[in-house]
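# what follows is a protein structure lacking sequence information:
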């Protein structure tokens with residue numbers, strides 16, 4: 001082998017990964033993981049709601065949750081009585097969880113309806129699924 005080539009830093013054979021390259025790769029992996037898992041488990045692409053996607057690799061799952069929460073990703077709005085009743089029938093037929101959430105947020109019985117209860121429940125369910133399925137995978141990447 002030519003000694004000149006082995007000492008040339010511009011030759012691709014001698015390329016060494018930089019810290020910037022590692023950060024970029026980590027950011028890409030975090031973005032792809034967030035996108036894939038949020039679509040799979042939360043039914044919507046969270047990266048569409050993420051304002052500063054270039055800094056994703058520098059944040060753990062709780063910081064990512066805060067950013068997504070600020071951009072209303074976890075706010076699910078179920079409108080129309082029939083859709084709300086169908087959702088509640090399938091997910092909280094006793095209404096106990098939904099009513100508990102409504103009182104937690106300061107609603108009175110006279111201020112609630114099926115659409116509000118279904119929306120509150122679906123929003124909390126999205127948050128729970130984020131912490132159950134998405135956050136652990138993001139933290140694995142963040143901690144490596």
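Done, it's in. Since the model is a prediction, treat every value here as computed from it, not as a measurement.

# could you list the low-confidence segments of this protein?
Along the chain, segments meeting pLDDT under 70 span 1-7, 9, 13-15.

# in stretch 46-56, what's buried?
Residues of stretch 46-56 classed as buried: 46-47, 49-50, 56 (neighbour count, 16 or more other CB atoms under 10 Å). For the C-beta atoms, the positions are set from N, CA and C on the backbone; glycine is no exception.

# what's in contact with it?
With contacts defined as CB atoms under 8 Å, 6 or more residues apart in numbering, stretch 46-56 is touched by 27, 30-31, 34-35, 38, 64, 67-68, 71-73, 134.

# who does the lengthiest helix in the chain touch, helix- and strand-wise?
Counting residues, the longest helix found in the chain (DSSP state H) is helix 19-37. Counting contacts by 3 or more CB pairs under 8 Å, 6 or more residues apart in numbering; DSSP states H and E, helix 19-37 is packed against helix 135-143.

# returning to that earlier point: output the buried residues of stretch 46-56 as CSV; include the columns secondary structure and distance to residue 126.
Formatted as CSV, the buried residues of stretch 46-56 follow (DSSP: H, G, I helix; E, B strand; the rest coil; distance: CB to CB, whole Å):
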residue, secondary structure, distance to residue 126
46, helix, 10
47, helix, 15
49, coil, 11
50, coil, 15
56, helix, 19
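
# widest-spaced pair of those?
49 and 56 (12.2 Å; CB to CB).

# the chain: helices as residue ranges?
3-7, 19-37, 61-70, 81-91, 96-104, 114-129, 135-143.

# how about those in CSV, adding mean neighbour count?
Output for the helices of the chain, formatted as CSV (neighbours: other CB atoms under 10 Å):
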stretch, mean neighbour count
helix 3-7, 9
helix 19-37, 15
helix 61-70, 17
helix 81-91, 14
helix 96-104, 16
helix 114-129, 20
helix 135-143, 15
